[in-house]
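>>> Prediction below, plus the sequence it came from.
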Amino acid sequence: MEYLIIYYSMALLIGCFTAYLINFYMLYAAICIMCFLVVMYFTMTKKFFCLNIAFFMCGFLSFKFYFDFSLANNTEVRILEVKGDTALGSVSGRNILLEGEIKDLKVGYKTFITGSFKKQNIYERGIIGIYDIKSHETGGEDLKSLSYKLKEYTNKSLAMFLTENEAALTRSLSFGDTSLLSEEQKLIFKKLWVVHAVSVSGLHISIIYKAVEGIAGTYLGVLISLLYVLFSGSKSSAFRAFIMILILKLSKKIHKNYNGICSLSFAFMLLLFAKPYYFMDMGFCLSFLATLGIILYYSNIQRALYRLPDILRSPLSLTLSAQIFTLPYLGLSMGTFNWSFIAGNIFLIPIYSILVILGNLSILFLWIPNVFKLICYGIKIICIALEGGYYLLLNGTSLTTNFGQREAICFFIIYLSFVMIKYGYKEFEFIPMFIVISLIFSYFTLFPEINIIKFKDIEAIIVQDKFNSTMAISYPITEGKYAIKLEEYYNVHNIVSCTYKDIPVSYKLKDLKISNSIKDNIIKLKNQSNKHGEKNIYYHYDIIDEDVIKVSSYKIFFGRPINWRWDKI
């Protein structure tokens, strides 16, 4: 059986997922285990079945051991981040939240803390609990704290010659420090789908390795790449790229064929075993899914685009192949899709590559002021060029469309159908067309739907009719991000907004009038003509949970308003 390591990595993943699921849904976890055992038992030899069970148990136990860890009242912790009233620390490779006396904590240093530990697992972030610090004592310097100190000194030096935004972009691209990026910059990166470029990923490792290998050879290239991974924060995507580069170079040294799929699976197993919560981390998933798409489809797409010049064919093939598996994942997790990712990846990534090299060169020449100043001028020129690129791309190609759960599922079904057709199963030929038609009809609202929403200080009414969707909303400026979330979730085409806590909002959809009385929190849906009957709807509501958006939905079935469902966004 070929590619055994793929089966082992999947068994490890299912083991981690089952260990997570068992904490919330015991029945679903039992069903997951039974399905895994049945499929393995009837499709594999006895020896291979036992090996897969062993990897399944490794995943299950590693997840349990990671999160079942507890701390004493006195312990030593590495400070990873300090933000506001909380800090993030690491103990024995596990993350903990720090509260209390955190004012003088130094990022990067080992610190001896005294206080009380409260067990509270936050699985998505790998956090095992909250530590309330009563007192702390900063330890001595080591290699990791020195790397943080060097990074901080570099940041201050860059700030002397660059603007705040230019310095933040350079730090993000070169050192993986995204904490100082402005909200405007983050929004631009999200719209252009180049987030992977501004946080240390496989792109950065490949650039660093190629640059060093060309000058100093393979061995020094591997060593510098490893140091760079550690210096930039040991991100999962960076480690994935480093492991694959190391396997590639070792395969040549021992005269063995390199296989991208097996190398990717091996990196997946190593990282998931070390950090079993990684399967819930977006950066980890996107890194592996993008690499998988490139390995499987880059060559095919490049052959299909043979008419294009080489300067466009290669980056376009790379961009499109990377989206094949990441697109449905992003649809499930983010819900939006921007077509400017093609132009963004083709034109911006080469410029980012130059900035990565200049940013890292700045570290080498920190103590040679004239050279450092010259590098900073080069960085400033690149940043000015990027500003022009952002303006052109955002105004010329920035078309954002909703790509949510149903689109992601449809995309995945169509992909599987084409795979089955390729292997000779002709009965799947009509499934893609059926899915596309069904998706188009799913956008059509046959019976008007009215969604009444209350969340924190936001009040809104969303009316969906046929292919149109209109939102009337009142919100304070500080809650703007939630208004954007509602707009994306409901695929709103028109927005009617009013001053916060001003006069009631009203919107007229043909003969149906919807009035939102903000003063008394009463929604009145009034039929102005007698076509839909004479009854009015009154609905009084309160905030039940401030962390959840409460939605009451009504369908108008042949003139009768019916309470359709309660939603949580």
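In hand now; what should we look at?
>>> What part of the chain, helix or strand, is modelled with the least confidence?
strand 537-540 (a mean of 32; mean pLDDT, DSSP states H and E).
>>> How about Ser92, nearest residue that isn't a chain neighbour?
Nearest residue to Ser92, sequence neighbours excluded (CB to CB, 6 or more residues apart in numbering): Phe69, at 6.8 Å. Any C-beta I mention is one placed from the backbone N, CA and C, and that applies to glycine too.
>>> Could you report the pLDDT at that neighbour?
For Phe69, the model assigns a pLDDT of 86.
>>> How much space separates it from Ile96?
9 Å (CB to CB, to the nearest Å).
>>> Touching both of those two, which residues are there?
Ile128 (CB atoms under 8 Å, 6 or more residues apart in numbering).
>>> Comparing those two, which residue is more hemmed in?
Using other CB atoms under 10 Å, the more surrounded residue of Phe69 and Ile96 is Ile96, with 25 against 16.
>>> secondary structure class for the residue nearest to Ser92?
In three-state terms, and counting by DSSP: H, G, I helix; E, B strand; the rest coil, Phe69 is coil.
>>> how's this structure carved up into domains?
The chain breaks down into these domains under the TED database: 4-67, 74-140, 148-398, 405-442, 445-565.
>>> Neighbours of Tyr41, how many?
For Tyr41, the count of nearby residues is 12 (other CB under 10 Å).
>>> pretty sure it contacts Asn52?
No - counting by CB atoms under 8 Å, Tyr41 stays clear of Asn52, with 9.8 Å between them.
>>> what helices or strands is the helix ranked longest in the chain leaning on?
Taking DSSP state H as the criterion, the chain has its longest helix at helix 369-396. In terms of contacts (3 or more CB pairs under 8 Å, 6 or more residues apart in numbering; DSSP states H and E), helix 369-396 is packed against helix 143-159, helix 164-175, helix 183-192, helix 349-364.
>>> switch to 10 Å and redo it
In this structure, helix 369-396 packs against helix 143-159, helix 164-175, helix 183-192, helix 341-343, helix 349-364, with contacts taken as 3 or more CB pairs under 10 Å, 6 or more residues apart in numbering; DSSP states H and E.
>>> Buried deepest among those helices, which one?
Across the helices and strands packed on helix 369-396, the average number of neighbours (mean count of other CB atoms under 10 Å) peaks for helix 164-175, which reaches a mean of 22.
>>> Tell me which residues touch Lys249, please.
Lys249 makes contact with Tyr209, Glu213, Thr218, Tyr219, Gly221, Val222, Tyr258 under the criterion CB atoms under 10 Å, 6 or more residues apart in numbering.
>>> same thing but at 8 Å, please
Counting by CB under 8 Å, 6+ apart, Lys249 touches Thr218, Val222.
>>> Quick check: buried residues in the helix or strand where it lies?
For Lys249, the host element (DSSP states H and E) is helix 236-253. For helix 236-253, burial by neighbour count (16 or more other CB atoms under 10 Å) applies to 236-247, 249.
>>> Where does the prediction get shaky in the stretch 151-300 of the chain?
Applying pLDDT under 70 to the stretch 151-300 of the chain flags residues 193, 195-200.
>>> if we go to 90?
Counting by pLDDT under 90, the low-confidence segments of the stretch 151-300 of the chain come to 151-241, 245, 248-260, 280-291, 294, 296-300.
>>> before we move on, what about the stretch 301-450 of the chain?
303-370, 383-450.
>>> Name the residues of stretch 300-313 that are buried.
By neighbour count on 16+ other CB under 10 Å, the buried set for stretch 300-313 is Ile301, Gln302, Arg313.
>>> Need those in a markdown table (columns: distance to Tyr153).
What follows is those, written out as a markdown table (distance: CB to CB, whole Å):
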| residue | distance to Tyr153 |
| --- | --- |
| Ile301 | 44 |
| Gln302 | 44 |
| Arg313 | 43 |
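>>> Which of the helices or strands spans Phe447?
Counting by DSSP H and E, Phe447 is part of strand 445-455.
>>> And the next helix or strand past that strand?
Using DSSP H and E, the helix or strand that directly follows strand 445-455 along the chain is strand 458-466.
>>> following that next one, which helix or strand comes up?
strand 468-474.
>>> could you give the mean pLDDT of stretch 457-468?
Averaged over stretch 457-468, pLDDT sits at 77.
>>> quick one: Asp310 and Val463, what's the gap?
In terms of CB to CB, Asp310 sits 51 Å off from Val463.
>>> swap in Gln120?
Taking CB to CB as the measure, Gln120 falls 41 Å from Val463.
>>> Of those two, which one has the most company?
Taking other CB under 10 Å, Gln120 and Val463 do not tie; Val463 has more neighbours (23 against 11).
>>> give me the beta-bridge partners of that one?
Counting by DSSP bridges, Val463 is bridged to Ile450, Thr470.
>>> unless I'm mixing things up, it is touching Glu449, no?
Yes - using CB under 8 Å, Val463 is in contact with Glu449, at 7.4 Å.
>>> tell me, how many neighbours does Leu220 end up with?
Leu220 has 12 neighbours, counted by other CB under 10 Å.
>>> how near is it to Ala211?
For Leu220 relative to Ala211 (CB to CB), the value is 11 Å.
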